[in-house]
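I need the structure of the sequence given here:
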Amino acid sequence: MHAAYRPDIDGLRAVSILAVVLYHAFPRVLGSGYIGVDVFFVISGFLIGGLISAELAGGTFSFARFYTRRVRRLFPALILVVAFTLFVGWHLMFAEEFRLLGRHAFAASLFVANFPPMGEIGYFDREGHSKPLLHLWSLGIEEQFYFVWPILAVLTRRSRRTFLFVTVAVAIVSLVLNVTSGAPGLAFYQPWTRFWELAVGVLVAHLPLRLSPERRELCCRVGLAMILIVAIVAPLRGFPGWWTLLPVGGAALVIASGPDTVIGRRFLAHPAMVSVGKISYPLYLWHWPLLAFTWIACGSFPPAYLIVFMVAASFGLAWLTYEYVEKPARFGLSARSVVGLCVPSMAVLGALGFATMTLDGIPERKVVRENLALAEDTRPPLQTRSSDGSCAKPYGIAGDENVICQASVSQPQMLVIGDSVAMAFYSAIGAKRVTADAALIATTSPHWIEPGCLTSGPLEPWSEGPLTCQRVMRDALSILDRTPSIGVVVLPTFSDNPFFNDAGRLRQIQEAVAKRGRRLVYVASPPGFYHPPEGCRPRRVEILGVDLTAPRDLDSCEEDRPHIEATLKFQHDIFEEAARGVAGVSIFESVPVFCDATTCFQSDDRGPLYYGWGHINERGSARLLNAFLPWLRQNVPSR
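Predicted structure coming up:
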């Protein structure tokens, strides 16, 4: 059950970590390299599950000894990387970013780093590259498995048949929970949807293949091909799900085929692959914080040379960590010394993370004070991302996290309907930067494209259904019926939102609005810039007296107007088709608000006008509304 050292498994570790690092560094090169983590899970289950059973069979297993080994294996490098990340985060990150980092550091200290991302999943979640410890989710799942598995192994140690039955049952139940999950984002981080991958490794350790050398060669080749093919394809929809069977099955076949295959001896056991495999754990720990901090400092796509440098630095730091931290902790110092030093150190880091989280990211730090305007401009306008209670009494619209309803006054004159672009459009009103008698009813784009939302048919019978998109339209019509002061309905929506990019559906909305004696205005989407807005004026950063402010990314500042207009033409043509020959329907052009004759601008002299792709911030909203409201008074007669 617990075989001698196999260099080919270190080579398989190398395949796994290289896939992950390449994906994080160059996602266009390796679209699904994240499946390397799934291969890691199988390797872990094979090695550690086999070791537990071997010690149980030999009468040498003890929980104290097992968890002491885990501390010596995991804690030293992890403590070093988390401490480094908190130090750099102190000097680099804005308050909300640092608060999340503290949350993740606290969770990592308890080996539950997979749980915070589950609570952060959502339309307005921050980008993954703003979370330098996000990658520790996999470490959390692995250790949660080993909180449970030794107990099951001990309870079933007297019967191999019972042990195998329990292992297969765990694998099947976990896989079923995985593939039947209606929320792939949650299934990605949940331990109960991932345990089957480690259980497969345990099964490989206990059910060796009895095959001819030729068939072992075939298994190894097929297994490695399964891993590599799935790694290089475009990002997999609905992952983990059924897709996970390919890397997990591939890893199981490679391991089960044994160390004596041609691929095992000549490729996986090659000294270069073995060397990478040996540093795979510290390399996994180091690479993501370095890449994430590079993204944060640049505020946009880091230049390729900087990414290459950070990948090289990851390898260098991984080797140094392996030689001077891991090896002494595992093979040099006594177990008592390592545990006595590492456990309190991890507790201190956890306490620092908890303090950072509870102190809201410590906004008094220098990097926050020196970048106040930039931090404000790149913060999602959250006050229009939830209902504020102003619609409950006048319109009877109950609180719902998916339906956002707000009213700036008791008798609004304008009703804004739409998606997150509509929320961004309204945000300067919600923040009281712009005065307007208006109301907002909206939900995010994913709720507009749920099954059943894109069907055709009369709007009002359709809107009586249970879907969020139906409720928003139903509530919008109810607001119109209850509020005679509203004279105009405004639709500012995302240019690629299929619900509002259908001329027939728009005519249904026009008819429902006209039936109530109101006018309707389409607000064409503002320019959508490819490069993130913060790169135009990156945050000022200084660490230990060294100015590390990134150079400006001019592509984050502006784009050619003809290119912008070409990307928005599709939406504009649909609005024109729906409004053609219909009285009481108008179109407002947003592009001129952000563009001159040749160029569109994502920033002004102060800083960004956008907080993210295609979404204006509060200042951008004020700029747009200050152009739109005078146009509205001039071009759309009041009732």
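
what's the lowest-mean-pLDDT helix or strand in the chain packed up against?
Here the helix or strand of the chain ranked lowest by mean pLDDT, DSSP states H and E is helix 459-462, holding a mean of 80. Contact partners of helix 459-462 among helices and strands, from 3 or more C-beta pairs under 8 Å, 6 or more residues apart in numbering; DSSP states H and E: helix 468-482, helix 503-515. C-beta here means a position set from N, CA and C on the backbone, and glycine is covered the same way.

contact partners of that helix?
455, 470, 473, 477, 505, 508-509, 511-512 (C-beta atoms under 8 Å, 6 or more residues apart in numbering).

Recalculate using a threshold of 10 Å.
With contact meaning C-beta atoms under 10 Å, 6 or more residues apart in numbering, helix 459-462 is reached by 452-453, 455-456, 469-470, 473-474, 477, 505, 507-513, 515.

Pull out the buried residues from it.
By neighbour count on 16 or more other C-beta atoms under 10 Å, the buried set for helix 459-462 is 459, 462.

Equivalent analysis for stretch 536-548, please.
Under the neighbour-count criterion of 16+ other C-beta under 10 Å, stretch 536-548 has 536-539, 541, 548 buried.

could you dump the helices and strands packed on helix 459-462 to TSV with mean neighbour count?
Output for the helices and strands packed on helix 459-462, formatted as TSV (neighbours: other C-beta atoms under 10 Å):
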stretch	mean neighbour count
helix 468-482	20
helix 503-515	18
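
Of these, which is nearest P608?
helix 468-482 (28.9 Å; C-beta to C-beta).

That closest one versus helix 503-515: what angle between them?
Helix 468-482 runs at 20 degrees relative to helix 503-515, counting by axes from the mean of the first three to the mean of the last three C-alpha atoms, to 10 degrees.

same for helix 468-482, what does it pack against?
Helix 468-482 sits against helix 392-395, strand 404-407, strand 414-418, strand 438-442, helix 445-448, helix 459-462, strand 488-492, helix 503-515, with contacts defined as 3 or more C-beta pairs under 10 Å, 6 or more residues apart in numbering; DSSP states H and E.

Identify whichever of these lies nearest to Y610.
Of those, nearest to Y610 by C-beta to C-beta is strand 488-492, at 14.4 Å.

and L285, what does it touch?
74, 77-78, 80-82, 84-85, 133, 135-136, 139, 314, 317-318, 321 are the contacts of L285 under C-beta under 10 Å, 6+ apart.

What about those, which are in helices?
74, 77-78, 80-82, 84-85, 139, 314, 317-318, 321 (DSSP state H).

Quick check: the farthest pair among those?
Pairwise over the ones in helices among the contacts of L285, using C-beta to C-beta, the maximum falls at L74 and S314, 18.3 Å.

Looks like C220 contacts G258 (just checking).
Yes. In this structure C220 lies within contact range of G258 using C-beta atoms under 10 Å: 8.1 Å.

who's more crowded, those two?
When neighbours are counted by other C-beta atoms under 10 Å, C220 and G258 differ, and C220 comes out ahead with 26 against 18.

Relative to the whole chain's centre, how far out is the helix or strand hosting the more buried one?
Applying DSSP states H and E as the criterion places C220 in helix 213-232. From the chain centre to the centre of helix 213-232 is a distance of 30 Å (C-alpha atoms, centre = their mean, to the nearest Å).

Could I get the buried residue list for that helix?
216-217, 219-221, 223-224, 226-227, 230-231.

now those as a markdown table including distance to G49?
Formatted as a markdown table, the buried residues of helix 213-232 follow (distance: C-beta to C-beta, whole Å):
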| residue | distance to G49 |
| --- | --- |
| R216 | 21 |
| E217 | 26 |
| C219 | 20 |
| C220 | 21 |
| R221 | 25 |
| G223 | 19 |
| L224 | 22 |
| M226 | 21 |
| I227 | 20 |
| V230 | 24 |
| A231 | 24 |
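
Throw the residues you listed into JSON lines and include pLDDT, thanks.
Shown next, in JSON lines, are the buried residues of helix 213-232 (pLDDT from 0 to 100):
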{"residue": "R216", "pLDDT": "90"}
{"residue": "E217", "pLDDT": "91"}
{"residue": "C219", "pLDDT": "93"}
{"residue": "C220", "pLDDT": "94"}
{"residue": "R221", "pLDDT": "94"}
{"residue": "G223", "pLDDT": "95"}
{"residue": "L224", "pLDDT": "94"}
{"residue": "M226", "pLDDT": "93"}
{"residue": "I227", "pLDDT": "94"}
{"residue": "V230", "pLDDT": "89"}
{"residue": "A231", "pLDDT": "88"}
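
and of these, the nearest to W288?
A231 (17.4 Å).

Quick one: closest of the helices and strands packed on helix 459-462 to L12.
Per C-beta to C-beta, nearest to L12 of the helices and strands packed on helix 459-462: helix 468-482, 44.7 Å.

what separates A329 from P27, distance-wise?
Distance of A329 to P27, given as C-beta to C-beta, to the nearest Å: 33 Å.

Not counting its neighbours along the chain, what's nearest the residue nearest the centre of the chain?
Residue closest to the mean C-alpha point of the chain, counted by C-alpha atoms, centre = their mean, is G128 at 4.5 Å. The shortest distance from G128 to any non-neighbouring residue, by C-beta to C-beta, 6 or more residues apart in numbering, is to L134 (5.5 Å).

okay, now that neighbour: neighbour count?
A count of nearby residues for L134, using other C-beta under 10 Å, gives 24.

swap in the one 4 residues further on?
For S138, the tally of surrounding residues (other C-beta under 10 Å) stands at 22.

what's near enough to touch it?
So S138 contacts 20, 34, 36-38, 40-41, 44, 113-114, 189, 194, 284 (C-beta under 10 Å, 6+ apart).

roughly how far apart are it and P117?
11 Å.

G353 too?
15 Å.

L74 and S314: which has the busier surroundings?
S314 (25 against 20).
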